[in-house]
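**Student:** Okay, predicted coordinates and the sequence, questions at the end:
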Amino acid sequence: MFMQSRTIRATALAALLGLAACASQKEPAEAALAAAEAKFKETGAEIQKYLPERYAEVEATLAGLRDAVAKQDYGDVVAGATAAQDDIKRAVADARIKRAQNLLAMEAEWNDMVKSMPAMIAAMDKKISAQRGRPPQGMTADAWKQTIADYDAARDAWSKAAAEMTSQTFEATVLTARDAKAKIAAIMDSLAVKAS
């Protein structure tokens, strides 16, 4: 009986120690995961914009860590969450490098547009004036009106982009200007108009 009582106590003690060990791993694991998720929430949009594949990788890593916590597999969560935070920091740094590279490319593109757009607009304005309200040969009056409306919208978008250029709106402005240039170029191609 004495031996049986000792066995029961030993088993109960082992179970309590197991629960205590599990509980002692739970809090650090949850805290580490929460810290990694907070960092990702804070910087994720920047990573997603410039490095979407890295964003997906970090998101998958955090999902795996959440699953491990849900399954009470706390052992690797602390190390995994710390590694995830390091991955997030590297991804943010890489995203900022990518953004800087994009800005340099956009600056060159903007400079090219500033040089080419006035000639494109002048050529289209000249073509529209030369038609004197009549559609070009092979085009209906409605199609011509729509072409002029599309051109006017693109020209206005370009003018607005050029007028509103600031360092805060640089990326959005270049994207708007790029779209306007593409639309005007397509209209010019359809009418066989060349910029001088």
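**Tutor:** Received, thanks. Numbers count the residues shown, from 1 in each chain.
**Student:** Show the pLDDT at the spatially most central residue of the chain.
**Tutor:** Geometric centre of the chain, nearest residue: Lys49, 1.6 Å, by Cα atoms, centre = their mean. As predicted, Lys49 sits at a pLDDT of 95.
**Student:** do the same with the one 3 residues further on
**Tutor:** At Pro52 the predicted local confidence, pLDDT, stands at 97.
**Student:** mind listing the helices in the protein by residue range?
**Tutor:** Taking DSSP state H as the criterion, the chain carries its helices at 2-50, 52-70, 77-131, 141-163, 170-191.
**Student:** could you list every residue that touches the residue nearest to the centre of the chain?
**Tutor:** Applying Cβ atoms under 8 Å, 6 or more residues apart in numbering to Lys49 gives the contacts Ala95, Arg99. Glycine gets a C-beta too; all of them are placed from N, C-alpha and C.
**Student:** mind running it again at 10 Å?
**Tutor:** Residues near Lys49 by Cβ atoms under 10 Å, 6 or more residues apart in numbering: Tyr55, Ala95, Lys98, Arg99, Asn102, Glu171.
**Student:** wouldn't the last one be in contact with Ala100 here?
**Tutor:** Same thing as Glu171. No: with contacts counted by Cβ atoms under 10 Å, Glu171 stays clear of Ala100, the gap being 11.7 Å.
**Student:** Looking at those two now, which is surrounded by more residues?
**Tutor:** Neighbours per residue, other Cβ atoms under 10 Å: of Glu171 and Ala100, the larger number sits with Glu171, 14 against 11.
**Student:** what about the residue nearest to the more buried one when sequence neighbours are not counted, how many neighbours?
**Tutor:** Nearest non-adjacent residue to Glu171, counting by Cβ to Cβ, 6 or more residues apart in numbering: Met106, 6.5 Å away. For Met106, the neighbour count with other Cβ under 10 Å is 17.
**Student:** Enumerate every residue touching Met106.
**Tutor:** Met106 neighbours (Cβ under 10 Å, 6+ apart): Phe170, Glu171, Thr173, Val174, Leu175, Ala177, Arg178.
**Student:** Next one: Ser167 from Leu103, what distance?
**Tutor:** From Ser167 across to Leu103, the span is 10 Å (Cβ to Cβ, to the nearest Å).
**Student:** which intervals of the protein have sub-threshold pLDDT?
**Tutor:** Applying pLDDT under 70 to the chain flags the ranges 1-23.
**Student:** Break it down into its domains, please.
**Tutor:** Domain ranges of the chain: 13-98, 103-191, per automatic domain parsing.
**Student:** Could you work out the end-to-end span of the last one for me?
**Tutor:** Here the two ends of domain 103-191 are set 33 Å apart, with distance taken as Cα to Cα, to the nearest Å.
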